[in-house]
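Asks: test case, fold it:
(2 chains)
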Amino acid sequence: MITEWLLSALAAYGVLLLGAVTFFSCLALPVPSSLMMLTSGAFVASGDLPLAAAVGSAFTGAVLGDQAGYMLGRGGSGLLDRAAAHPKRGPLIQRARKMMQERGGLGVFFSRWLVSPLGPYVNLVAGAARTDRVQFTAWSIAGEAIWVSVYVGLGTFFASNIDEVAEVAGNLSGLLAALALTVVSGWFLLRAHRQSERRKEAARMR
Amino acid sequence: MLGLMLDTARKLARRHPVLLTAFALALVATVFFSARMAYFAAHWKDPEFHMQEPATWMTPRYISHAWHIPPEVVKPALQVPDDLAGRPTLEAIARARGVPVAVVMAELEALIASQGAAE
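Replies: Okay, the predicted model is just below:
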């Protein structure tokens, strides 16, 4: 119902609303950002919206939304500091933070478009880990450019069946995100398992 | 083989319950999305699957573009008032005409049906 209302409002208020929706989607709010971008693409195809305005607004909203997410995470970085001082979990968190600082750029990039359901959480983590702001922004801009172009482009191209494209695209990005989580958690699980086996082995030798 | 797997799973559940739960949930989600993907692939050739349903957010220009109906046919069929500027949706058209949106939706469905018959 809210989706129907937002799509009607897109025709009424135009690209400003589109920018607002992509902004809030970067903060993990449940707004139908992909469907909105697809529909604005369809409106570009029908001549109801200019292409540059649709792409520009969705892109600006998304980049600003990433910045807002980063700031939120940064605001909570004190919590992470306290957790990193924890005797048991501390080392793991310190390691994760270091990994994010050193290699988080690609994570930011791919979570903009390829595994986009994870995007908002990566923003928070990037801010909380105090990753380099300039680098975060550069990867965010590059990734959002792809995200916005792909969805507005698909909407323009498949203007007459956007419902279907939205469903398939949404499912595909869900699948990729789930797959990424499976691989990453599986890898951590395997490592943890090997470590505890090794520890047990060492204890037996002693 | 199965015994070894069960033994490992039991060990993991005891030593790394959070990680194992996260892994299991991610795996279930992967299977779920894969199954939906397979469903879409199976219904891809279905012409019904590809049809956009008429909706209240649609504008005359969009309708014209999506169903390949000339704009000069769409406007009178939906009785779009001449003074309605910009991108009026079916909802806005109904409001301007002072009729329930269901009336305009029915007109659109009739228009699509008549075009289908004409082709």
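
Asks: residues of chain A that sit close to chain B?
Replies: Chain A comes close to chain B at residues A:4, A:7-8, A:10-12, A:14, A:39, A:42-43, A:45-49, A:159-164, A:167-168, A:171-172, A:174-175, A:178-179, A:181-182, A:185-186, A:188-189, A:192-193, A:196, as judged by CB under 8 Å from any CB of the partner chain. Using the backbone N, CA and C atoms, a C-beta is placed for each residue, glycine as well.

Asks: just the buried ones from those?
Replies: Applying 16 or more other CB atoms under 10 Å in any protein chain shown to the residues of chain A next to chain B, the neighbour count classes A:7-8, A:10-11, A:14, A:39, A:42-43, A:45-46, A:48-49, A:159-164, A:168, A:171, A:174-175, A:178-179, A:181-182, A:185, A:189, A:192-193 as buried.

Asks: which ones are touching A:Leu17?
Replies: By CB atoms under 8 Å, 6 or more residues apart in numbering or on different chains, the contact list for A:Leu17 reads A:Leu6, A:Ala9, A:Leu10, A:Met36.

Asks: and the pLDDT for residue 110?
Replies: Looking at chain A here, since you left the chain open. Looking at A:Phe110, its pLDDT reads 92.

Asks: please go with chain B instead
Replies: Looking at B:Ala110, its pLDDT reads 94.

Asks: same deal with A:Thr39?
Replies: A:Thr39 is assigned a predicted lDDT (pLDDT) of 95.

Asks: isn't it up against A:Leu10?
Replies: Yes: proximity of A:Thr39 to A:Leu10 meets the contact threshold set by CB atoms under 8 Å, at 6.0 Å.

Asks: most centrally placed residue in chain A?
Replies: Closest to where the C-alpha atoms of chain A average out (CA atoms, centre = their mean) is A:Gly119, at 1.2 Å.

Asks: pretty sure it sits against A:Cys26.
Replies: Yes: here A:Gly119 lies in contact with A:Cys26, judged by CB under 8 Å, at a distance of 6.4 Å.

Asks: where does A:Leu49 fall, phi/psi-wise?
Replies: Main-chain dihedrals, A:Leu49, degrees, to the nearest 10: phi -130, psi 140.

Asks: excluding chain neighbours, give the residue nearest to it in space.
Replies: With CB to CB, 6 or more residues apart in numbering or on different chains as the criterion, A:Leu49 has its nearest non-adjacent residue at 4.1 Å, and that residue is A:Phe43.

Asks: contacting residues around that neighbour?
Replies: With CB under 8 Å, 6+ apart, A:Phe43 has these contacts: A:Leu10, A:Ala11, A:Leu49, A:Ala54, A:Gly155, B:Thr59, B:Tyr62, B:Arg87.

Asks: quick check: buried residues in the helix or strand containing the fourth one?
Replies: Take DSSP states H and E as the rule and A:Ala54 turns out to sit in helix A:51-75. When burial is assessed from 16+ other CB under 10 Å, helix A:51-75 yields the following buried residues: A:53-55, A:57-70, A:72-74.

Asks: for that helix, packing partners?
Replies: Helix A:51-75 sits against helix A:15-25, helix A:33-46, helix A:119-128, helix A:133-157, with contacts defined as 3 or more CB pairs under 8 Å, 6 or more residues apart in numbering or on different chains; DSSP states H and E.

Asks: what's the most buried one of those helices?
Replies: The highest mean neighbour count among those belongs to helix A:33-46 (a mean of 27), with neighbours defined as mean count of other CB atoms under 10 Å in any protein chain shown.

Asks: okay, angle between it and helix A:51-75 too, please.
Replies: Angular relation of helix A:33-46 and helix A:51-75 on a 0 to 180 degree scale: 160 degrees, by axes from the mean of the first three to the mean of the last three CA atoms, to 10 degrees.

Asks: if you count contacts, what does the lowest-mean-pLDDT helix or strand in chain A end up packed against?
Replies: In chain A, no helix or strand scores lower on mean pLDDT, DSSP states H and E than helix A:77-84, which sits at a mean of 81. Packing partners of helix A:77-84 (3+ CB pairs under 8 Å, 6+ apart): helix A:90-113, helix A:119-128.

Asks: adding distance to B:His43, write the ones you listed out as JSON lines.
Replies: Listed next are the helices and strands packed on helix A:77-84 as JSON lines, based on distance: least, CB to CB, whole Å:
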{"stretch": "helix A:90-113", "distance to B:His43": "26"}
{"stretch": "helix A:119-128", "distance to B:His43": "29"}
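
Asks: lowest average pLDDT across the ones you listed?
Replies: Across these, the stretch with the lowest average pLDDT is helix A:90-113; it has a mean of 84.

Asks: for the helices and strands packed on helix A:51-75, which one sits closest to B:Met105?
Replies: helix A:33-46 (17.7 Å; CB to CB).

Asks: alpha carbons of the closest one, as PDB, please.
Replies: Extracted in PDB, the C-alpha atoms of helix A:33-46 (Å, rounded to 0.1, in the frame of the first residue of the first chain):
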ATOM      1  CA  SER A  33      14.200   2.200  -3.500                       C
ATOM      2  CA  SER A  34      14.700  -0.300  -6.300                       C
ATOM      3  CA  LEU A  35      11.100  -0.200  -7.400                       C
ATOM      4  CA  MET A  36      11.200   3.600  -7.300                       C
ATOM      5  CA  MET A  37      14.300   3.800  -9.400                       C
ATOM      6  CA  LEU A  38      12.800   1.300 -11.900                       C
ATOM      7  CA  THR A  39       9.600   3.300 -12.100                       C
ATOM      8  CA  SER A  40      11.400   6.500 -12.600                       C
ATOM      9  CA  GLY A  41      13.300   4.800 -15.400                       C
ATOM     10  CA  ALA A  42       9.900   3.900 -16.900                       C
ATOM     11  CA  PHE A  43       8.800   7.500 -16.600                       C
ATOM     12  CA  VAL A  44      12.000   8.500 -18.400                       C
ATOM     13  CA  ALA A  45      11.100   6.100 -21.200                       C
ATOM     14  CA  SER A  46       7.600   7.500 -21.400                       C
END
